[in-house]
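Novice: generate coordinates for the sequence data below:
(one chain, ligands or ions: 1)
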Amino acid sequence: MINLNEVLAQVHKEIKEYIGKGKVADYIPELAKVDPNHFGMALRLRSGEEFSNGDADLPFSIQSISKLLTLTMYIQQVGLELGDRVGVEPSGNPFNSLIQLEYEHGIPRNPFINAGALVITDGLISVFKNLEDEILNTARRLSGNPTVNYDLSVAASERMTGFRNAALVNFMKSYGNIVNPIDDVLDAYYHHCSLSMNCLDLVRMFSFLANEGIDFNGNRVLSFRETKRVNALMMTCGTYDAVGDFAFRVGIPAKSGVGGGIVGVIPGVMTLAVWSPALNSQGNSLAGTKALEVFTTLTGRSVF
Ligand code: GLU
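Specialist: The predicted structure follows:
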């Protein structure tokens with residue numbers, strides 16, 4: 001039987017030279033203050049056993065990993081068919097790109113690029129009276145951690161510099177693909193991106209993705225079919241425009257964020273989370289991607 005504590009220690013050792021390499025996201029000024037030399041990793045098996053290494057219990061800004069949470073809530077409320085408002089194809093473009101939106105008439109390629117996530121947030125605003133409370137409560141419930149919170153300084157920092165996201169929402173509104181007031185959509189979006197959580201919170205929160213839709217308390221979050229589709233979207237759209245390279249090297253569905261976190265899933269087996277703040281040129285954690293690659297190689301587990 002493979003000793004997963006030893007595997008995680010070995011992964012950490014093998015990727016040490018990559019920690020701090022790359023660049024911390026600085027287009028959100030508050031994120032530029034984070035020490036690039038952190039590294040944490042955690043995993044939770046379907047059986048409930050957990051293993052961790054390094055800074056796995058240090059909270060960080062989960063940023064786009066929150067799009068996995070809002071997509072889950074959207075599917076719960078509205079259903080699986082994203083319909084004519086958001087596609088399910090990889091974009092092949094940077095996560096905050098405007099160019100594709102113009103020639104595709106304001107319909108984002110998928111729910112994980114910024115434009116798609118903004119449409120999902122808009123859809124949720126139409127359902128919930130107080131979406132920010134709803135998202136926070138869902139994050140706390142699914143992670144089992146009542147202290148999870150928004151980092152309001154990160155949300156405020158992003159609001160001050162979020163001209164591109166404002167452009168995306170305005171542009172989609174001109175096509176009728178945003179129904180609520182622009183400021184409400186941006187506000188809720190900046191809040192969910194600012195969720196501060198650690199690797200252990202994340203493997204618990206997304207344990208349902210490795211367990212056919214059932215969370216670690218035994219409650220159904222999504223159906224098997226919905227879970228399969230969320231995992232498929234992570235595989236094809238979860239790691240920005242590096243998704244092909246990520247599948248090639250790592251071989252598991254994953255969702256990354258510019259805070260340097262990545263959540264990965266081996267369906268039916270385990271949920272993983274890794275955090276190291278310095279990013280590669282496509283916006284994925286450089287050491288984090290490497291760690292997941294080494295992990296799947298050492299354990300021989302991936303979806304391929
Ligand atoms: N809040 C970030 C933005 O909108 C999220 C980007 C990301 O993590 O991919 O730019």
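
Novice: show me how far stretch 199-215 is from its chain's centre.
Specialist: 13 Å (Cα atoms, centre = their mean, to the nearest Å).

Novice: tell me the mean pLDDT for that stretch?
Specialist: Averaged across stretch 199-215, the pLDDT comes to 98.

Novice: briefly note if that stretch comes near the ligand.
Specialist: No - looking at stretch 199-215 against the ligand by Cβ under 6 Å from any ligand atom, there are no contacts, and the closest approach is 13.8 Å. To be clear about C-beta, it is placed using only N, CA and C from the backbone, and glycine gets the same treatment.

Novice: end-to-end on that stretch?
Specialist: One end of stretch 199-215 sits 16 Å from the other (Cα to Cα, to the nearest Å).

Novice: try stretch 274-284
Specialist: Stretch 274-284 has an end-to-end distance of 11 Å (Cα to Cα).

Novice: next, the buried residues of it.
Specialist: Of the residues in stretch 274-284, those with enough neighbours to count as buried (16 or more other Cβ atoms under 10 Å) are Val274, Trp275, Ser276, Pro277, Ala278, Leu279, Asn280, Gln282, Gly283, Asn284.

Novice: what do you get for stretch 54-73?
Specialist: Going by neighbour count (16+ other Cβ under 10 Å), the buried part of stretch 54-73 is 54-56, 59-73.

Novice: swap in stretch 217-235?
Specialist: Across stretch 217-235, burial judged by 16+ other Cβ under 10 Å covers Val221, Leu222, Glu226, Thr227, Arg229, Val230, Asn231, Leu233, Met234, Met235.

Novice: for stretch 246-261, same thing?
Specialist: In stretch 246-261, counting by 16+ other Cβ under 10 Å, buried: 246-247, 250-261.

Novice: want to throw those residues into TSV with distance to Thr138 and secondary structure?
Specialist: Written out in TSV, the entries for the buried residues of stretch 246-261 read as follows (distance: Cβ to Cβ, whole Å; DSSP: H, G, I helix; E, B strand; the rest coil):
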residue	distance to Thr138	secondary structure
Phe246	27	helix
Ala247	28	helix
Val250	27	coil
Gly251	29	coil
Ile252	24	coil
Pro253	21	coil
Ala254	21	strand
Lys255	16	strand
Ser256	21	strand
Gly257	17	coil
Val258	22	coil
Gly259	19	coil
Gly260	23	coil
Gly261	18	strand
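
Novice: so which of the residues you listed reach the ligand?
Specialist: Contacts with the ligand within the buried residues of stretch 246-261, counted by Cβ under 6 Å from any ligand atom: Gly257, Val258.
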